[in-house]
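Undergrad: Predicted model follows, preceded by the sequence.
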Amino acid sequence: MALVSEFLGQLTLSYGAEAEPVFPTVVAFRDFDPIGDAARLDAALRSKGVDEQSIIDVLTRRSYEQRREIAFEYERLAKKELQTALKGALSGSLEALMLGLMKSPAQYDALELKAAMKGLGTDEETLIEIVCSRSDRELADIQKVYREVFKKELEKDVAGDTSGDFAKLLLALIQTTRDPPSNVVDYEKIDDDAKVRYEAGVKRKGTDVAVWIGILTRRSAPHLRRVFQRYKSYSPYDLKESIGKEVKGDLEKSFLALVECLEDKQAYFADRLNEAMKGKGAKDKVLTRILVSRCQVDLMKIRSVFKKRHGRSLYRAISEHTKGDYQKALLSLCGGDD
């Protein structure tokens, strides 16, 4: 009877396989009029000096699906593609943001990854942010778009632009499908993974990175969150402290990003945004990428976490570190002050 009771108790501790809830700041616009929006954009793009405010008002307050409809109507009206018109009328960070909004999530991520590996040098931070924070389904969509647009495999470009264990981790995330969430908590497997993870790192001289990669890229997110908790019973350090002691450089950054995203993805992005707005000015590429990619996903929750962790609202931080029409567009995507 004790075994039956224990099993039934485990059944109640269900992971669940439901889709992650969304907390968007940009939603479908009520009373949507794609023909009217297209005409407004046409007038804004034709006006002397360009009416940036109208462009911002339309494109930052419509969903991606609605922007596609507007682009279709704009092409019928103006006889040219909306993206071409935006490129010709805008420049700098505002141009990058508006063009980003015209892409699907997978298209945008694929283009960002390609840009990170283009020319001399590699933007490792962008590779880490995108690859470590996206789900299996999102990564599969990105690979498909990458193949269609660039006629190359994402894995080959990543392998050619990175090296060592850092490359192995990124490729494992791109290529490996995680275990599906289970409806029963497997305590034995949780304990085994925590113990193996400890024995492959802190307990031994040197680090068996392959073991770390295997566990962190194959197990489901709910399972891994329990492994992280169980790990503390074996190691004098928590998992992130262990990573800092065992590996360095881009591999350390990528392991930390992966663990942070598995634990609390919104906190990861809140911290990325805060880092992008430290000191004078701001890292516009990081701000643009996160607000464009998260505004229809979880930016509302990122806003809330940002204020709790950093003592000021995201809206205020953007106001202090950006300016002009670019600032107006970011604040519109942000969706309000907290």
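TA: Looks like it came in fine. Numbers count the residues shown, from 1 in each chain.

Undergrad: just so I have it, where are all the helices in the stretch 151-300 of the chain?
TA: 154-161, 164-175, 187-199, 209-218, 221-231, 239-246, 249-276, 284-294, 299-310 (DSSP state H, counting those that start in this stretch).

Undergrad: now for the ones you listed, which one comes closest to residue 141?
TA: With C-beta to C-beta as the measure, helix 154-161 is the member of those nearest residue 141 (11.1 Å). Where C-beta positions appear, they are placed from N, C-alpha and C, glycine not excepted.

Undergrad: Would you mind listing the buried residues in the closest one?
TA: Across helix 154-161, burial judged by 16 or more other C-beta atoms under 10 Å covers 154, 157, 158, 161.

Undergrad: separation between the second one and residue 37?
TA: By that I understand residue 157. Residue 157 sits at a distance of 36 Å from residue 37 (criterion: C-beta to C-beta, to the nearest Å).

Undergrad: The first one now?
TA: Residue 154 is 34 Å from residue 37, where distance means C-beta to C-beta.

Undergrad: what does the last one give?
TA: Taking C-beta to C-beta as the measure, residue 161 falls 39 Å from residue 37.

Undergrad: List the buried residues of stretch 156-176.
TA: Going by neighbour count (16+ other C-beta under 10 Å), the buried part of stretch 156-176 is 157-158, 161-162, 165-174.

Undergrad: should've said stretch 270-286
TA: Neighbour-count burial for stretch 270-286, with 16+ other C-beta under 10 Å as criterion, is recorded at 270, 271, 272, 273, 274, 276, 277, 282, 283, 284, 285, 286.

Undergrad: now those in JSON lines, with distance to residue 241 and pLDDT?
TA: Formatted as JSON lines, the buried residues of stretch 270-286 follow (distance: C-beta to C-beta, whole Å; pLDDT from 0 to 100):
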{"residue": "270", "distance to residue 241": "21", "pLDDT": "98"}
{"residue": "271", "distance to residue 241": "17", "pLDDT": "98"}
{"residue": "272", "distance to residue 241": "20", "pLDDT": "98"}
{"residue": "273", "distance to residue 241": "24", "pLDDT": "98"}
{"residue": "274", "distance to residue 241": "21", "pLDDT": "98"}
{"residue": "276", "distance to residue 241": "25", "pLDDT": "97"}
{"residue": "277", "distance to residue 241": "26", "pLDDT": "97"}
{"residue": "282", "distance to residue 241": "30", "pLDDT": "83"}
{"residue": "283", "distance to residue 241": "27", "pLDDT": "95"}
{"residue": "284", "distance to residue 241": "32", "pLDDT": "97"}
{"residue": "285", "distance to residue 241": "30", "pLDDT": "97"}
{"residue": "286", "distance to residue 241": "26", "pLDDT": "98"}
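
Undergrad: what's the closest non-adjacent residue to residue 251?
TA: Excluding the flanking residues, the one nearest residue 251 by C-beta to C-beta, 6 or more residues apart in numbering is residue 166, at 4.7 Å.

Undergrad: residues touching that neighbour, list them.
TA: Shown in contact with residue 166 (C-beta atoms under 8 Å, 6 or more residues apart in numbering): 124, 249, 250, 251, 254.

Undergrad: if you set the cut-off to 10 Å instead, what comes out?
TA: 124, 127-128, 158, 209, 247, 249-255 (C-beta atoms under 10 Å, 6 or more residues apart in numbering).

Undergrad: Now the buried members of these.
TA: Neighbour counting over the contacts of residue 166 (16+ other C-beta under 10 Å) leaves 124, 127, 128, 158, 209, 247, 250, 251, 252, 253, 254, 255 as the buried ones.

Undergrad: Among those, which one lies nearest to residue 113?
TA: Nearest to residue 113 among those: residue 127, at 6.7 Å, using C-beta to C-beta.

Undergrad: Hmm, that closest one is touching residue 170, no?
TA: Yes. Counting by C-beta atoms under 10 Å, residue 170 is a contact partner of residue 127 at 6.3 Å.

Undergrad: Quick check: neighbours shared by these two?
TA: Taking C-beta under 10 Å, 6+ apart as the criterion, residue 127 and residue 170 both touch 158, 161, 162, 250, 254.

Undergrad: doesn't residue 132 make contact with the last one?
TA: Yep, that's residue 254 we're talking about. Yes. Applying C-beta under 10 Å, one finds residue 254 in contact with residue 132, separated by 5.9 Å.

Undergrad: Return every residue with contacts to both of the two.
TA: Common contacts of residue 254 and residue 132 (C-beta under 10 Å, 6+ apart): 169, 170, 173, 216.

Undergrad: now the last one, nearest residue through space, not along the chain?
TA: In other words, residue 216. Going by C-beta to C-beta, 6+ apart, residue 216 has residue 258 as its nearest residue, at 5.8 Å.

Undergrad: in terms of contact, does the one you found touch residue 219 like I think?
TA: No. Counting by C-beta under 10 Å, residue 258 stays clear of residue 219, with 11.6 Å between them.

Undergrad: Those two: which has the busier surroundings?
TA: Comparing residue 258 with residue 219 by other C-beta atoms under 10 Å, the one with more neighbours is residue 258, at 23 against 19.
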